[in-house]
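>>> here are the coordinates; sequence isn't available:
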Ligand SMILES: Cc1cc2nc3c(=O)[nH]c(=O)nc-3n(C[C@H](O)[C@H](O)[C@H](O)COP(=O)(O)OP(=O)(O)OC[C@H]3O[C@@H](n4cnc5c(N)ncnc54)[C@H](O)[C@@H]3O)c2cc1C
């Protein structure tokens, strides 16, 4: 670290240290979890005991409070050890939990937030469908009102935590209104008529992903979030929070790549001296450090700005910018780290290959790079005078 952490609030620094100690103790087998597509079931309780499952959830309901910077540093620290577990945790608390926390009424929050915050129940968010990805505002899943319930029918794909979730936040079409046709629902696994199929992935392998099908699942009307037609607004605000919080993971992967590569370069002797002495290797390490510092400064700043202006649409372009920039840097940093380690970097003995596979997800999930560029393009079109 050069200067990027100097301005951090003391309590955030202390919390980050406790997360690092926790991961050092509990994540020793993370490479094996990656290989076996496995997440230890007791990890939820352990993460809950430390408060991690309560990120971005109200303190009086058992959460950590809506301090987005804390969520960023949790993702950063945890992703040095396991980006997949960090993503699973983020999907649970920031993607699904926070949407209920912000969009839910008192009764919904009192019922669902405490078990999510403690990690007793696992949550997942269901936006993407087999035929609807980037065009997320036009789901085919339908929720048809019948008396005091909605009948939910449709399939959601790539759902993080899908195979293990107890609670789903689901976006579905409630009318054909092009602007206000989508609504959001809290759906319990126990409502029934829900089937889940596991998906196997190249990266983020310790994080369970699934296809979730709702076959006429009956959802009580009191589980509608806010009101009919509010779905897109809830979704977009949720995606902004997700993009900031989970981009912390990219910082962790850049930091991990730099740690592994710089330590290796100082030890590895070729042509009579450590490879760290060669300028072509120094250029790679310098790239990683530069990206870590710049993306960290921007992301921390954005998370603090969000605290002052929560939900402000004016921050959407900044959010897209840092999500795209940090994801691209994480993929490149991992690739450069593999190169520094030569053949050893290509083996599964080192974390750098895991970072490479895991980082690629952030080029895609929560909005692809192309979608981030489109958001930036729109912002540029609008002009900068009102930033
Ligand atoms: C590991 C993993 C976990 C995930 N977790 C979740 C989750 O928990 N919940 C959830 O709902 N979803 C989840 N997703 C889904 C993810 O958000 C989507 O994959 C992503 O939004 C892209 O959608 P798509 O895959 O359908 O690609 P598509 O939208 O079909 O895009 C395919 C390609 O076309 C490009 N493209 C599309 N439209 C345009 C355009 N207008 N201009 C230029 N290029 C365009 C895209 O950028 C992309 O390169 C997850 C995905 C993965 C891989």
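Received the coordinates, thanks. From a predicted model like this one, the values you see are computed outputs, not experimental measurements.

>>> ok, then the element right after the helix or strand hosting residue 32?
Assigned by DSSP states H and E, residue 32 belongs to helix 30-36. Counting by DSSP H and E, the element after helix 30-36 in chain order, helix or strand, is helix 43-49.

>>> let me see the mean pLDDT of that next one.
The average pLDDT for helix 43-49 rounds to 96.

>>> can you name the residues of the chain that neighbour the ligand?
Proximity of the chain to the ligand (Cβ under 6 Å from any ligand atom) is limited to residues 91, 124-128, 133-134, 158-160, 201, 204, 209, 361, 364-368, 370-371. (C-beta placed from N, C-alpha, C; glycine too.)

>>> contacting residues for residue 165?
Under the criterion of Cβ atoms under 8 Å, 6 or more residues apart in numbering, the neighbours of residue 165 are 96, 122-124, 159, 189.

>>> please repeat the previous calculation with a cut-off of 6 Å.
By Cβ atoms under 6 Å, 6 or more residues apart in numbering, the residues touching residue 165 are 122, 124.

>>> list the contacts of residue 106.
Residues near residue 106 by Cβ under 6 Å, 6+ apart: none.

>>> ok, which stretches of the stretch 101-250 of the chain are helices?
106-118, 231-267 (DSSP state H, counting those that start in this stretch).

>>> most tightly surrounded among those helices?
Neighbour counts (mean count of other Cβ atoms under 10 Å) averaged over each of the helices of the stretch 101-250 of the chain peak at helix 231-267, with a mean of 23.

>>> other SSEs contacting that one?
helix 68-81, helix 83-90, helix 98-103, strand 182-188, helix 279-308, helix 316-341, helix 352-359 (3 or more Cβ pairs under 6 Å, 6 or more residues apart in numbering; DSSP states H and E).

>>> helix or strand right after that helix?
Next along from helix 231-267, by DSSP H and E: strand 269-270.

>>> what strands line up against the next helix or strand after that next one, and which way round?
Downstream of strand 269-270, the first helix or strand assigned by DSSP H and E is strand 273-274. In the sheet, strand 273-274 lines up against strand 269-270 (antiparallel) (DSSP bridges).

>>> for the ligand, give me its nearest residue in the stretch 101-250 of the chain.
The ligand sits closest to residue 133 of the stretch 101-250 of the chain, with a gap of 1.7 Å, by Cβ to the nearest ligand atom.

>>> what residues of the helix holding residue 32 count as buried?
Buried residues in helix 30-36, defined by neighbour count with 16 or more other Cβ atoms under 10 Å: 30-31, 33-34.

>>> stretch 338-352 too?
Under the neighbour-count criterion of 16+ other Cβ under 10 Å, stretch 338-352 has 338, 340-341, 345, 350-352 buried.

>>> out of the residues you listed, who's nearest the ligand?
The closest of the buried residues of stretch 338-352, once distances to the ligand are taken by Cβ to the nearest ligand atom, is residue 351, at 18.5 Å.

>>> now the residue of the stretch 101-250 of the chain closest to the ligand: how far from residue 54?
Using Cβ to Cβ, to the nearest Å, residue 133 is found at 30 Å from residue 54.

>>> higher neighbour count, those two?
Neighbours per residue, other Cβ atoms under 10 Å: of residue 133 and residue 54, the larger number sits with residue 54, 26 against 15.

>>> quick one: contacts for the more buried one?
62-64, 117.

>>> could you chop the protein up by domain?
For the chain, automatic domain parsing gives the domain ranges 10-122, 124-229, 232-382.
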